[in-house]
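In: sequence and predicted structure are below.
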Amino acid sequence: MNRILIHSLFLLVLPIIVAWYGLGTLTAVLLVVLALLWRLAITLATLMFPPKTPGLELETISASHFVEKVRWCMDRLGVEYREKPFAGIFGVFFKGRTVPQLRARTGKTVSVIGDSPDILRYLWGRYSVSMGEAAEFLEPTTERLEWEKRIDHYGVQLQVWIYWHLLAHRKLTLHGWGFDSKRTPLFQRYCLLILYPVFAGFIRGAFRINERHYKKATTNIEKILKDVEDRLDSGQEYLLGNKQPDFVDFSFAAMTGLWLQPQGYGGGMADDVMLSRDQLPGPMREDVEKWIAAYPNTERYVQRLFREERSQAGRGQESAPTA
């Protein structure tokens, strides 16, 4: 990736070099040929001498609920992986991609899988045979997939809710994006600080952060919380009535953990980006306290999952070195 980055920077600078020195057409053509040969050399070197990368590398934002959904399932499987953290909005703004993204190396080939549902389907396909019962919680039954879709939509609504409350509070938002975390690359932290108004404006537009959309998101959030509360009120231990939790339970707990903030959220990988409840803006804290009071079964269910299941699955690997 560093080789390609340097090559890309050279391509951007190339027209400036030609104009600055007044180089002729023949020289410009030779520079273009040099750039093409350079790119070919990178490709061949990668094939002949593949970089030493982990078998599984998870690109993350520390506090992301969609990341926590995947991170939890990977920890539950017990697979070895390396986590590569990015600043909160850095990847979307500069690379047009969201997290989580899983980079899976098989021999000299690296496959990139994005979106949490696709990553879980990959994990099921890769490990269901070799791990047997240990991977059964990932089996994508029709009922599980329907609930996963609902829960992922709940996660999107929570993004609107969070940004409605936090974007006006620069310091809190920067903290949640990883500005105060040593795991976030240093240059990304400075980009967050300098470009915060640009990033905040982008978020407001992309997520339609306004009062009407916030109220709609809150209604949708409370609807699924009510549905989960009703299911748990019947006495069943897990969301789909099974004797053991599955990825649906972990997904719902990961999403809800973003506002409930239970101990163990992130498996230790989000400790330095989380906000305590007393740090939250007043209206945001009121929403949290209202939901805890209105949905007590749901609150206990999520707390129990983090206490009994997340702590047992907390085997996430150390993050990649930052610069």
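Out: Ah, there it is. Numbering: from 1, shown residues only.

In: please count neighbours and contacts with C-alpha atoms only from this point.
Out: Will do.

In: quick check: chain neighbours aside, which residue is closest to V18?
Out: Once flanking residues are discounted, V18 sits nearest to A28: 6.6 Å by C-alpha to C-alpha, 6 or more residues apart in numbering.

In: ditto for I292
Out: E299 (6.1 Å).

In: ok, now Y154?
Out: Y154 sits nearest to I221 (C-alpha to C-alpha, 6+ apart), 5.9 Å away.

In: residue contacts, the one you found?
Out: Applying C-alpha atoms under 8 Å, 6 or more residues apart in numbering, we find I221 in contact with Y154, Q157, L158.

In: with neighbour count added, can I get the residues you listed in a markdown table?
Out: Formatted as a markdown table, these follow (neighbours: other C-alpha atoms under 10 Å):
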| residue | neighbour count |
| --- | --- |
| Y154 | 22 |
| Q157 | 20 |
| L158 | 22 |
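
In: just the ones in strands from the residues you listed, please.
Out: Among the contacts of I221, no member falls in strands (criterion: DSSP state E).

In: and these, which is closest to S111?
Out: Y154 (28.4 Å; C-alpha to C-alpha).

In: need the contacts of I221 in a markdown table (columns: pLDDT).
Out: Below are the contacts of I221 laid out as a markdown table (pLDDT from 0 to 100):
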| residue | pLDDT |
| --- | --- |
| Y154 | 98 |
| Q157 | 97 |
| L158 | 97 |
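
In: for D118, give its distance to F137.
Out: 15 Å (C-alpha to C-alpha, to the nearest Å).

In: SS state for the closest residue to L260 other than its chain neighbours?
Out: Distances taken as C-alpha to C-alpha, 6+ apart place V288 nearest to L260, at 7.0 Å, with adjacent residues excluded. Look at V288: counting by DSSP: H, G, I helix; E, B strand; the rest coil, its state is helix.

In: my guess is V288 contacts L258. True?
Out: No: look at V288 against L258 with C-alpha atoms under 8 Å: they stay out of range, at 10.4 Å.

In: who's more crowded, those two?
Out: L258 (22 against 16; other C-alpha atoms under 10 Å).

In: so what's S116 up against?
Out: Here S116 is in contact with F66, V67, K69, V70, P100, Q101 (criterion: C-alpha under 8 Å, 6+ apart).

In: let me fix that: E59
Out: E59 neighbours (C-alpha under 8 Å, 6+ apart): E83, K84, P85, F86, V99, P100, Q101, L102, R103.

In: adding pLDDT and distance to T46, write those residues out as TSV.
Out: Below are the contacts of E59 laid out as TSV (pLDDT from 0 to 100; distance: C-alpha to C-alpha, whole Å):
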residue	pLDDT	distance to T46
E83	91	22
K84	86	21
P85	84	24
F86	80	24
V99	71	25
P100	90	25
Q101	90	21
L102	94	19
R103	91	16
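
In: just give me how far the host helix or strand of I4 sits from the chain centre.
Out: Per DSSP states H and E, I4 falls inside helix 2-21. Relative to the chain's own centre, helix 2-21 is displaced by 32 Å; criterion: C-alpha atoms, centre = their mean, to the nearest Å.
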